[in-house]
Structure formats: structure tokens, C-alpha cells
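Colleague: With the sequence up front, the predicted model follows.
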Amino acid sequence: MSSEQPLVSICIPAYKERDLRTAIGSALAQTYRNIEVIVSDDAPTDAIRNVCAGFGSAVRYVCNEDRVGRGRGNYRNLIRLARGKYLKFLLDDDFLHPFCVSELVKLAEHPSGPRLVASLRQEVNEEGEPVKIMNPFQLETTLMRDGRELIRIMGLYLSNPIGEFSTVLMRREDMLEPSGEPWGFELEGQLWRGLDDVATWIRLGLLGPVAIHTTPLSFFRRHPNVNSNPAYNPEFIYALTDWSLLLKYVIRHRFISGEEIDRSLARLREIYDMCAHLYPELSGQYAQTVAELKGG
């Protein structure tokens, strides 16, 4: 372990045990050695505890008592407990390339001071077999971009081109409030309950550049019990209504204007129309968003 390497906290907010051994194994297999692996357990049984026990002292296990919302308390618990300069979240059903932390730290330590560092992602199926590489920017070389431009893109297209928490490295200090407490996934007093990852990218994008590595360094497992499946996740509706929060945010702060707003509104209507069969209560959400924009 080199004293010149900054400590990286690989933080696993755990609820499902099915693929947790694979996730932990990929964290411990990193070529970058100055790491700590922390698992915060949000599950109602001892299943997560039992999996972690099999790794002995290599894994720091904690039971999260603050079970608020879709794992947000679990994330905050990990931020509070982490000791590293950098946080590397890893969801319990995803896994990392062995060079993931090493390559992302190289980018994070770039003189331009990026505050959000990510990579392309490899989607895999339930068995971990590759499905496709997710490259929404169509990158061929590593991208270094102003963080505010990322916010603009997310608002313009109502999309999350960065992806899940598993693909990102960030500075721990950037996820703390001035009081020293972990950030609560709120922007301007508004809690983001479905797109907490997008809210995080906004927070970090306001602080500095974004860097994206062209190698797929994280593996996103697609299966029925993922939070993006409305049949599994009872809070999935907030992943839809939070797009309104994003749109109102980028308009309020003038990241988009004029005809761009019309384009984003059309995309918002499309999102709600596509999901109307799942959530009839969304039928008035678009009109409500438009009325709030006109009033504000």
C-alpha cells in the first residue's frame, strides 16, 4: 500500500444478497490497493451480515438504522463512515473492472480538478454475461468537460448520461454539508426521491469539471429486481416526477432557454405519456409542471 495513493472508500449500500459476493469480490480485486470496503446493510434479515462475514476483516460491515426512502439513509451512512479522500459507490448487484479504481483515481487527480469522475458502463444480464456497452456520449477518447455543461445536457434531453452510482468516483468532502453531516439529496430544499443520482450529478457538476473514461469500468446488472423496474420498486413513480424537478431547475438557473425549453417540455410529456398506463395519477403532472413554470 503506497502512502502516495489517496485512500478510496468503496461503499456498498446493500439490500439484496443475491449478487453481493460478486460485488464485494470485485471491490477486493482492485489493482489499486489503498482502499477500504464498507458494506452498509439495509436488509430486514441477517443475509447481508452473513455474506460479509465470509470476507472476514477485509470488509467493514455496518447495519444501517436510518432506513429512510429508497436507500438514501444507507448512502448517507456510508458517507458518514467513509475515511477515504474519494468515495466509490458500488450497488449490491453490480461489479467493477479490476482497474476501475486505479483509472478513475488517475482522472480524479488531474490538475483540472474534476469533481465527478465516471466511465462507460457494461450492461450485463442476470448471469453477468455482457449485453451492451452503454456509451451515450459516443466517446472515443476520454472526455473532460465543464460540469455545468453536463447539467445543461441532462436538462435539455431529460436524461442521465452518467448512469448509476456504481460508475462514479467522487470526493467525500463534496458530499458533506457545511455542518459535516452527509448531504441529504436535496437541492434548494427539494428532496429528490427517484433521481437521486441525477441530483448528485448536479451537485458535483456545479463544483467543477466532469471526466469520463472511455473504458467500461463498471458492470451494471439488468434483472427483474432492479430499482428501474416499476414492478419491483414501489417508489419508481418518483423516477418520473423528478424529471419535472430537473426541468424546473435548469430553467430556473438558465441552463436552457427559448426553443430549448419547448423541446425539453415535449420530452417530459413523452415520458409521462409512456408511463400513463402504469400511473394514471400522472395524467395531470405535465399540465401541473407547465403551470408551475409559467407561474415561476
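Modeller: Received the coordinates, thanks.

Colleague: Excluding chain neighbours, what is closest to I271?
Modeller: Closest residue in space to I271, ignoring its immediate chain neighbours: W243 at 5.8 Å, by Cβ to Cβ, 6 or more residues apart in numbering. Yep, even glycine has a C-beta here, placed from its N, CA and C like the rest.

Colleague: The host helix or strand of the one you found - what's its average pLDDT?
Modeller: Of the helices and strands defined by DSSP states H and E, W243 is found in helix 237-252. Per-residue confidence for helix 237-252 averages out to 94 on the pLDDT scale.

Colleague: Check which helices and strands that helix sits against.
Modeller: Of the remaining helices and strands, those touching helix 237-252 by 3 or more Cβ pairs under 8 Å, 6 or more residues apart in numbering; DSSP states H and E are helix 147-157, helix 196-205, helix 259-274, helix 285-295.

Colleague: With mean pLDDT, mean neighbour count and distance to T167 added, can I get these in JSON lines?
Modeller: JSON lines is the format used below for those (pLDDT from 0 to 100; neighbours: other Cβ atoms under 10 Å; distance: least, Cβ to Cβ, whole Å):
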{"stretch": "helix 147-157", "mean pLDDT": "96", "mean neighbour count": "20", "distance to T167": "14"}
{"stretch": "helix 196-205", "mean pLDDT": "97", "mean neighbour count": "22", "distance to T167": "10"}
{"stretch": "helix 259-274", "mean pLDDT": "94", "mean neighbour count": "15", "distance to T167": "22"}
{"stretch": "helix 285-295", "mean pLDDT": "85", "mean neighbour count": "13", "distance to T167": "29"}
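
Colleague: looking at those helices, which is closest to V62?
Modeller: Comparing the helices and strands packed on helix 237-252 by their distance to V62 (Cβ to Cβ), the top pick is helix 196-205, with 20.2 Å.

Colleague: right, and the helix or strand after that closest one?
Modeller: Counting by DSSP H and E, the element after helix 196-205 in chain order, helix or strand, is strand 210-221.

Colleague: Can you tell me which helices and strands that following strand packs against?
Modeller: Using 3+ Cβ pairs under 8 Å, 6+ apart, strand 210-221 is in contact with strand 95-96, helix 100-108, strand 116-124, strand 130-134, strand 143-145, helix 147-157.

Colleague: how about a cut-off of 6 Å?
Modeller: For strand 210-221, the packing partners by 3 or more Cβ pairs under 6 Å, 6 or more residues apart in numbering; DSSP states H and E come out as helix 100-108, strand 116-124, strand 143-145.

Colleague: In CSV, list those along with distance to S40, mean pLDDT and mean neighbour count.
Modeller: Shown next, in CSV, are these (distance: least, Cβ to Cβ, whole Å; pLDDT from 0 to 100; neighbours: other Cβ atoms under 10 Å):
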stretch, distance to S40, mean pLDDT, mean neighbour count
helix 100-108, 19, 98, 22
strand 116-124, 22, 96, 23
strand 143-145, 31, 91, 15
